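Colleague: Turn this into a model:
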Amino acid sequence: MFSMTISGRTGGPPPAILIVDGDADTRALYRAVLEPLAATMLEADNGADALVVASHTPPSIIILETRLRELDGFELCSKLRANPLTHHARQLVVTADAHRNVASRAAKVGADRVLTKPCLPEMLFDAVVELTRGRDGDA
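Modeller: A predicted model of the protein is given here:
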């Protein structure tokens, strides 16, 4: 489907990507789109569970929606940034909330990038690759 992969990684375990969205179909779509990256895929359907999952297996990338149960995406983003186990993870907010202030609010709590739903699968894939390379310094 996509020819680009996460490069610059030698040895070690594959990167972990945590997908946090209340919709199971959305999580499945993201997994399918990101499959070529050979990453370990982690999932949570609400903010509170995402904190637990991220603490057990610290992800390299976190893809999250702002509208989550138990702990909204803004609170989740902030808590992940404050946690020593997850503060280095790159955070991509993919949200159905198209209000102008969402991107600035997300940036204030630690998001690295914001995409608005619906977004093309290629946009999601490219954003994840870009964020991974940015973290690794492989721009």
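Colleague: Could I get the full set of strands for the protein?
Modeller: For the chain, the strands defined by DSSP state E cover 16-20, 40-44, 61-64, 90-95, 113-116.
Colleague: Let's see the third one as CSV, backbone CA atoms only.
Modeller: Read that as strand 61-64. Taking C-alpha atoms only, strand 61-64 is exported to CSV below (Å, rounded to 0.1, in the frame of the first residue of the first chain):
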residue,chain,number,x,y,z
ILE,A,61,4.3,7.2,18.9
ILE,A,62,0.9,7.9,20.4
ILE,A,63,-2.1,8.6,18.1
LEU,A,64,-5.0,9.9,20.1
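Colleague: can you count the residues close to Arg105?
Modeller: As a burial measure, Arg105 scores 18 neighbours (other Cβ atoms under 10 Å). Every residue, glycine included, has its C-beta placed from N, CA and C.
Colleague: Let me see the contact set for it.
Modeller: With contact set as Cβ atoms under 8 Å, 6 or more residues apart in numbering, Arg105 has these partners: Phe74.
Colleague: From Asp97, how far off is it?
Modeller: For Arg105, the distance to Asp97 equals 10 Å [Cβ to Cβ, to the nearest Å].
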